[in-house]
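In: My questions concern the predicted model and sequence given below.
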Amino acid sequence: MEQPRAAARLQIVLGHLGRPSAGAVVAHPTTGTISSASFHPQQFQYTLDNNVLTLEQRKFYEENGFLVIKNLVPDADIQRFRNEFEKICRKEVKPLGLIVMRDVTISKSEYAPSEKMTTKVQDFQEDKELFRYCTLPEILKYVECFTGPNIMAMHTMLINKPPDSGKKTSRHPLHQDLHYFPFRPSNLIVCAWTAMEHIDRNNGCLVVLPGTHKGSLKPHDYPKWEGGVNKMFHGIQDYEENNARVHLVMEKGDTVFFHPLLIHGSGQNKTQGFRKAISCHFASADCHYIDVKGTSQENIEKEVVGIANKFHGAENSTDLKDIWMFRARLVKGERTNL
Ligand SMILES: CCCC(=O)SCCNC(=O)CCNC(=O)[C@H](O)C(C)(C)COP(=O)(O)OP(=O)(O)OC[C@H]1O[C@@H](n2cnc3c(N)ncnc32)[C@H](O)[C@@H]1OP(=O)(O)O
Ligand SMILES: Nc1ncnc2c1ncn2[C@@H]1O[C@H](COP(=O)(O)OP(=O)(O)OP(=O)(O)O)[C@@H](O)[C@H]1O
Ligand SMILES: O=C(O)CCC(=O)C(=O)O
Ligand SMILES: [Fe+2]
Ligand SMILES: [Mg+2]
């Protein structure tokens, strides 16, 4: 009779913890039964057990929802990303599936293709040079602390924030990236975002609201900005005004890892340079897709599907899951689910 009771208790404990790999559930060395006295309440919910993060780093991510690792990506790699980005801007290479975004203030102008016309490129999974970013061992070593060993690169971007035209359209409103993602659980998703040069409040650094990853996914919509707003730049409408905003000042190669529920955005670029960062959202391949119909994510699904149909000329309606499955790439381990 002892055995089933212990098993039931273990299941309750694990169910409560949420994560199978979590924490110390210790069986008594001689009796084999699980005593509540030997059970240490689990401390970590947002990071996995491995030897990469120091205890201090782990606690910081758990508490704040982000972690900056200084000087992680070598200059030589960043130079290669820059070179490739410039080639893409000049249309010397045209990677399959890549989406080029212009700033809304110049979206209808007819200038020659150049870096000045490109606010961001997205979905560079078919570009060998840029996609190297998502496979760098330095990056994956940290990603694994959040996703575990089966790692998918789900969403890629190189952001080239232009000098603000005066209309403040270079800002990115405060948002949670999970709004864009039809897969879960959120704790097995992480963004890596690497500064390609010195970035501070002058050229529009990342702004985060620490600890907001502990909250839920909020409804997102277009901010009511007078100067206009870029397509798909949804923002949170009702966030806590008195939440502490932290501006992340970063040097070239510094990388921030952050949780998809962390509320973040970026300020306007008040310099004349184009502020560059490269990023990838990674998820555990063990995540699963969800149907966002009837949820707050329905509005972004409609937009994304509309654009995908326009680009790829889909006669039969595509759904969000197909789009994600198609561009997702395995970068480590086994493609189990996503
Ligand atoms: C974690 C994830 C976080 C995020 O993903 S944040 C969201 C990032 N934003 C995006 O992903 C936007 C992606 N961009 C795109 O898909 C394309 O750039 C976009 C907007 C469809 C335009 O692509 P194309 O159709 O190739 O460009 P086009 O020059 O022919 O323009 C077509 C119509 O769209 C307009 N447009 C282009 N860029 C825009 C912009 N930035 N903001 C607002 N409107 C924009 C453009 O004016 C044109 O309009 P119209 O049809 O002539 O009235
Ligand atoms: N009061 C606010 N209400 C809504 N969004 C805000 C508010 N303040 C800042 N934000 C958003 O947070 C992000 C970063 O803001 P931040 O204050 O760093 O930049 P900024 O306002 O562009 O420039 P500045 O450095 O002059 O303040 C921006 O995307 C902005 O949209
Ligand atoms: O300005 C940036 O680099 C951040 C952009 C961002 O948060 C996003 O595209 O989801
Ligand atoms: Fe974001
Ligand atoms: Mg401001």
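Out: Received, thanks. Ligands and ions are numbered 1, 2, ... in the order given.
In: Over to the residue most central in space within the chain. Which of the three states is it?
Out: In the chain, the C-alpha nearest the mean C-alpha coordinate belongs to residue 191, at 3.0 Å (CA atoms, centre = their mean). Under DSSP: H, G, I helix; E, B strand; the rest coil, the three-state class of residue 191 is strand.
In: Tell me what it is bridged to.
Out: Counting by DSSP bridges, residue 191 is bridged to residue 258, residue 281.
In: hang on, residue 265 in a strand?
Out: Yes: under three-state DSSP, residue 265 falls within a strand.
In: Let me know the secondary structure of the residue nearest to it when sequence neighbours are not counted.
Out: The shortest distance from residue 265 to any non-neighbouring residue, by CB to CB, 6 or more residues apart in numbering, is to residue 174 (4.1 Å). In short, each C-beta sits where N, CA and C put it, glycine included. Assigned with three-state DSSP, residue 174 falls in the strand class.
In: so what pLDDT did residue 174 get?
Out: pLDDT, residue 174: 95.
In: Could you double-check that it lies in contact with residue 208?
Out: No: the criterion here is CB atoms under 8 Å, and residue 174 misses it with residue 208 at 9.2 Å.
In: how far away is the residue in the chain that ligand 3 sits nearest to from ligand 2?
Out: As assessed by CB to the nearest ligand atom, ligand 3 sits closest to residue 266 within the chain, at 3.3 Å. As for residue 266, its distance to ligand 2 is 6 Å (criterion: CB to the nearest ligand atom, to the nearest Å).
In: Use 427 as the first number from now on
Out: New numbering, starting at 427: the last item is residue 692.
In: Next up, the contacts around the residue nearest to that residue when sequence neighbours are not counted.
Out: Once flanking residues are discounted, residue 692 sits nearest to residue 598: 4.4 Å by CB to CB, 6+ apart. Contacts here follow CB atoms under 8 Å, 6 or more residues apart in numbering; on that basis residue 598 touches 659, 691-692.
In: Which secondary structure elements does the one helix or strand residue 512 maps to sit against?
Out: Residue 512 is located in helix 501-515, with elements delineated by DSSP states H and E. Counting contacts by 3 or more CB pairs under 8 Å, 6 or more residues apart in numbering; DSSP states H and E, helix 501-515 packs against helix 554-561, strand 577-587, strand 701-710.
In: and of these, who's closest to residue 755?
Out: Proximity of the helices and strands packed on helix 501-515 to residue 755 was assessed by CB to CB; the nearest stretch is strand 577-587, lying at 4.9 Å.
In: May I see the helices and strands packed on helix 501-515 organised as JSON lines, with distance to residue 665 added?
Out: JSON lines is the format used below for the helices and strands packed on helix 501-515 (distance: least, CB to CB, whole Å):
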{"stretch": "helix 554-561", "distance to residue 665": "30"}
{"stretch": "strand 577-587", "distance to residue 665": "21"}
{"stretch": "strand 701-710", "distance to residue 665": "21"}
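In: and ligand 2, which of the ones you listed is closest to it?
Out: Judging the helices and strands packed on helix 501-515 by CB to the nearest ligand atom, what sits closest to ligand 2 is strand 577-587, at 10.6 Å.
In: Now do that closest one: which elements does it pack against?
Out: helix 501-515, strand 546-548, helix 554-561, helix 563-573, strand 701-710, helix 746-753, strand 755-758.
In: That one and ligand 2, are they touching?
Out: No: counting by CB under 6 Å from any ligand atom, ligand 2 is not contacted by strand 577-587; separation bottoms out at 10.6 Å.
In: Rounded mean pLDDT for the host helix or strand of residue 673, please.
Out: Applying DSSP H and E as the criterion places residue 673 in strand 672-674. Taken as a whole, strand 672-674 has a mean pLDDT of 98.
In: That one - contacts with which helices or strands?
Out: So strand 672-674, by 3+ CB pairs under 8 Å, 6+ apart, packs with strand 632-634.
In: Sheet partners, orientation included, of whichever helix or strand comes after the strand it packs on?
Out: Using DSSP H and E, the helix or strand that directly follows strand 632-634 along the chain is strand 646-647. Paired with strand 646-647 in the same sheet, following DSSP bridges, are strand 661-662 (antiparallel).
In: outside of the partner strand, which residues touch it?
Out: Applying CB under 8 Å, 6+ apart, the external contacts of strand 661-662 come out as 599-602, 644-649, 689, 691.
In: and that strand, is it in reach of ligand 3?
Out: No: for strand 661-662, no contact with ligand 3 is found by CB under 6 Å from any ligand atom; the gap never falls below 10.5 Å.
In: what about residue 556, how many neighbours?
Out: If you count neighbours by other CB atoms under 10 Å, residue 556 ends up with 24.
In: hang on, I meant residue 696
Out: Neighbours of residue 696 using other CB under 10 Å come to 12.
In: Thought residue 590 was touching it, still the case?
Out: Yes: using CB under 8 Å, residue 696 is in contact with residue 590, at 6.3 Å.
In: Which residues are in contact with each of those two?
Out: Residues touching both residue 696 and residue 590 (CB under 8 Å, 6+ apart) are residue 630.
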